[in-house]
Structures are given as C-alpha cells and as structure tokens.
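A.B. asks: everything below, folded, please.
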Amino acid sequence: MIYVGTSGWSYADWRKRFYPVRLLSRRWLEYYARQFDTVELNAATYRLPREEQITQWCRTVPPGFRFTMKLSRLITHRKTISPNLERFIFNYVERISSFAPEKLAQVLCQLPPYLERDERYLIRFLHMLPATFRYVWSFGTDRGSRPRWLRSCGRTTWHSASMITLGAARGT
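C.D. replies: Alright, predicted model coming up:
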C-alpha cells in the first residue's frame, strides 16, 4: 500500500491554493483527509501535541487515514546521549500512545545534518526506543542539498551496511 500526503496541513498560504476560501481553519484536517490518506506531524518536532488534540485528530479523519509522528528534536538532535534522553523518550511514547493504533503509521526519526555517524550512539539510542512502534529514518541535509552522506568522500557517514544492519535488528 502506498500512502500519499504532506508534512502538515495547517499552512495559512494554502488557503485559496488548496483549501476553499470560506473553510474554517479548524476544518482543514477534515478537508485534507478527503484529499490525502496520510500526513506527517512535523510540528511534533518542536512541541508534543496534547492528548486531547491527538484524540480529536483521530476522530476527524476517515478510516484508513494514517499519521506519521515526527520524533522530538529533544531526542534526535543531540550529539551525545544526555542523561535526560530516556525521560524524553518516555514522555514522547506516553503521548503518542494516545493515537488509535490503526491511525499511527510510524514514527519519523529525522537526524540533523551535523550529527556524524556513531554506531555506539545509535545502538544505545535504538535500545531506548520501544519496539511497539514502527520507525523510519531521514538523514539530515546541509542547506537543503543532498544528504551529507551522499556528498562525503572518505569520511564516516550514517549510510553504511553496518548502520542498516543495526536498524534492521531493531525493526526500524
């Protein structure tokens, strides 16, 4: 099954271009979900949605619609594993557990361009993620260009057989 969607639905400049002019913004998700069957919750990178908001989103969209929740930057954008990381992950997981199971497609782990490959870091990080969710990975880019690992010649990058093996071992 292929799902088609965008990274968010609440963009003011989409009024007239995508949303009917008179459609109230609180109805945008409902309208969006009639056009697409998935959406990435990009705003979750900066702030976790409230439990009530997640419940409302699940009620608003039709059967078969799926959300991709982006992992918080407090979790993905660290160069080292902080002592608070497990707590951040616990709080994040507790919140996304508010999704109806059939509505949450996956969790997007988007790594920033400045984060260099570190297998020990990744192993520790992967073991902190509960296996109850499906994870997908996006490797950061420099200034909107190709991912850093595609441009780097002779330096350590995230893209390698060992990194793929590590992710596969955890079902990501």
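A.B. asks: tell me where this structure has helices.
C.D. replies: Using DSSP state H, the helices of the chain run over residues 28-35, 51-60, 73-76, 85-96, 119-128, 148-151, 161-169.
A.B. asks: out of those, nearest to P113?
C.D. replies: helix 148-151 (5.1 Å; CB to CB). In short, each C-beta sits where N, CA and C put it, glycine included.
A.B. asks: find the centremost residue of the protein, please.
C.D. replies: Compute the mean C-alpha point of the chain, and by CA atoms, centre = their mean the closest residue is K70, 2.1 Å away.
A.B. asks: same list (the helices of the chain) but as a markdown table, adding mean neighbour count and distance to P113.
C.D. replies: Converted to a markdown table, the helices of the chain look like this (neighbours: other CB atoms under 10 Å; distance: least, CB to CB, whole Å):
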| stretch | mean neighbour count | distance to P113 |
| --- | --- | --- |
| helix 28-35 | 16 | 29 |
| helix 51-60 | 15 | 29 |
| helix 73-76 | 18 | 12 |
| helix 85-96 | 16 | 20 |
| helix 119-128 | 14 | 16 |
| helix 148-151 | 16 | 5 |
| helix 161-169 | 12 | 16 |
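A.B. asks: hey, least reliable of the ones you listed by pLDDT?
C.D. replies: For the helices of the chain, the weakest mean pLDDT is recorded on helix 148-151, namely a mean of 41.
A.B. asks: thinking again about what came up before, need the helices of the chain in TSV with distance to V21, can you?
C.D. replies: Formatted as TSV, these follow (distance: least, CB to CB, whole Å):
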stretch	distance to V21
helix 28-35	12
helix 51-60	21
helix 73-76	34
helix 85-96	34
helix 119-128	45
helix 148-151	42
helix 161-169	45
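A.B. asks: quick one: residues contacting W9.
C.D. replies: W9 sits next to 28-29, 32, 39 when contact means CB atoms under 8 Å, 6 or more residues apart in numbering.
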